[in-house]
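got a sequence here, can you model it:
(one chain, ligands or ions: 1)
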Amino acid sequence: MPDMSNAASILPFTLPGCIVDAVRNAGATLLVDAHTTQPCPQCPACGHASARMHSRYLRLVRDLPDTDCPVRLLPRARRFFCDDDACPKRTFAERLPDLVPYRARRTPRLIRALRDIGFAAGGEAGARLAARLCMPHERRRSAASMASTCRPSSTHGCLGGSAIGSLRCRPS
Ligand SMILES: [Zn+2]
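Purely as a prediction, here's the structure:
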């Protein structure tokens, strides 16, 4: 049985802008708990930096699978007050541009993988292949149609299976 309390230190990837708190299993899924670390995020409307936190919230971000396990990132992000009186925003959610685009629910590397599968295998076949590879997809949209709308904003390495392969999930 792997030491799950120290699991974050053996992850073969980092979460830009975050610190990994824990890695755990939930059924057949690998969950990565994390929190954001930007000291003074900038308001996206006016550029004013703020350290005055309004609240925290949990994001659910799907990532590439590790071996046979779907991976879900759970970064605890924050909302801040904007203290610029001229700004139309009273509060703003901090952005994690190097981890996941604003309001996106997939990492850029997962989006790229799904796009590539969609282009190579086509819509329905691509969706079936993605499901078989433990990559989440939406039933209403084929991998190919999703690919046409995806615009990844940055590049990251792929998840390696070897280092966290010991964190095997139970088969579903
Ligand atoms: Zn502002």
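
which positions in the longest strand along the chain come out as buried?
Across the chain, the longest stretch assigned as strand under DSSP state E is strand 69-81. For strand 69-81, a neighbour-count test (16 or more other CB atoms under 10 Å) marks 69-75, 77-78, 80-81 as buried. For glycine as for every other residue, the C-beta is placed from the backbone atoms N, C-alpha and C.

repeat for stretch 119-130
By 16+ other CB under 10 Å, the buried positions in stretch 119-130 come out as 121, 126-130.

about what we covered before: avg pLDDT for the longest strand of the chain?
The pLDDT scores in strand 69-81 average 94.

is the helix or strand following that strand positioned near the ion?
The element immediately downstream of strand 69-81 (helix or strand, assigned by DSSP states H and E) is strand 91-93. No: for strand 91-93, no contact with the ion is found by CB under 5 Å from the ion; the gap never falls below 6.4 Å.

name the surrounding residues that touch strand 91-93.
Contacts with strand 91-93, where a contact means CB atoms under 8 Å, 6 or more residues apart in numbering, come from 41, 43-45, 50, 54, 57, 77-82, 102.

centre of the chain versus stretch 97-110, how much separation?
What separates the centre of stretch 97-110 from the centre of its chain is 6 Å, taken as CA atoms, centre = their mean, to the nearest Å.

one more: stretch 100-115?
Relative to its parent chain, stretch 100-115 has a centroid offset of 7 Å by CA atoms, centre = their mean.

list the buried residues for that stretch?
Judged by neighbour count using 16+ other CB under 10 Å, the buried positions of stretch 100-115 are 100-101, 104-115.

relative to strand 69-81, how tilted is the longest helix seen in the chain?
With secondary structure taken from DSSP state H, the chain has its longest helix at helix 108-121. With axes from the mean of the first three to the mean of the last three CA atoms, to 10 degrees defining the directions, helix 108-121 sits at 130 degrees from strand 69-81.

residue 57 against residue 79, yeah?
Yes: proximity of residue 57 to residue 79 meets the contact threshold set by CB atoms under 8 Å, at 6.7 Å.

CSV for the buried residues of stretch 100-115, including pLDDT and distance to the ion?
Formatted as CSV, those follow (pLDDT from 0 to 100; distance: CB to the ion, whole Å):
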residue, pLDDT, distance to the ion
100, 90, 22
101, 88, 20
104, 90, 22
105, 91, 25
106, 92, 27
107, 92, 27
108, 91, 26
109, 89, 31
110, 90, 31
111, 90, 29
112, 90, 32
113, 89, 35
114, 89, 34
115, 89, 34
